[in-house]
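Chemist: All I have is the shape, not the residue letters:
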């Protein structure tokens, strides 16, 4: 029996005990868990069965501060094709002026 199976068994035991005695607060006090956790487990069990009781990481699938995928692709393209490092990419000069004329022209800032 691995760790996930033990944890699922524990949660099932808690849910069944609460169903037997019919009092959530007493169950939570007896097992030393919070009521919010109990209700979250009960909802997950009702929706997904035992699979809903598996511990999941408490992180969102998409981070709010992550760079959008379109921008990541553009940065990687410039890095591979023109071998531009982070300083030149952040200045934006090489993306606004053709690379052939960049040696002669004064770089001007622009948004990527």
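Modeler: Yep, that arrived. Just so it is clear, the model here is predicted, and its values are computed rather than measured.
Chemist: show me the contacts for residue 41.
Modeler: By C-beta atoms under 8 Å, 6 or more residues apart in numbering, the contact set of residue 41 is 11, 14-15, 53. C-beta: built from backbone N, CA, C; applies to glycine.
Chemist: what two of those are the furthest from one another?
Modeler: The distance between the two most remote of the contacts of residue 41 (C-beta to C-beta) is 10.0 Å, for 14 and 53.
Chemist: Could you list the low-confidence segments of this structure?
Modeler: Judged by pLDDT under 70, the chain has its weakly predicted residues at 92-112.
Chemist: what helix or strand is residue 12 on?
Modeler: Applying DSSP states H and E as the criterion places residue 12 in helix 3-21.
Chemist: Next: residue 70.
Modeler: helix 69-82.
Chemist: Show me which residues of that helix are buried.
Modeler: 75, 78 (16 or more other C-beta atoms under 10 Å).
Chemist: now for that helix, which elements pack on it?
Modeler: With contacts taken as 3 or more C-beta pairs under 8 Å, 6 or more residues apart in numbering; DSSP states H and E, helix 69-82 sits against helix 86-91, helix 93-96.
Chemist: please redo it, this time with the cut-off set to 10 Å
Modeler: Helices and strands touching helix 69-82, by 3 or more C-beta pairs under 10 Å, 6 or more residues apart in numbering; DSSP states H and E, are helix 86-91, helix 93-96, helix 99-102.
Chemist: Residue 14 - nearest residue in space that isn't next to it in sequence?
Modeler: residue 31 (5.2 Å; C-beta to C-beta, 6 or more residues apart in numbering).
Chemist: can you list the domains in this structure?
Modeler: 3-53, 69-102 (automatic domain parsing).
Chemist: and these as a markdown table, adding distance to residue 60?
Modeler: Formatted as a markdown table, these follow (distance: least, C-beta to C-beta, whole Å):
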| stretch | distance to residue 60 |
| --- | --- |
| domain 3-53 | 16 |
| domain 69-102 | 16 |
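Chemist: for those, which one sits closest to residue 61?
Modeler: With C-beta to C-beta as the measure, domain 69-102 is the member of the domains of the chain nearest residue 61 (13.3 Å).
Chemist: rewinding a little: I'd say the residue nearest to residue 14 and residue 16 touch.
Modeler: No. Look at residue 31 against residue 16 with C-beta atoms under 10 Å: they stay out of range, at 11.5 Å.
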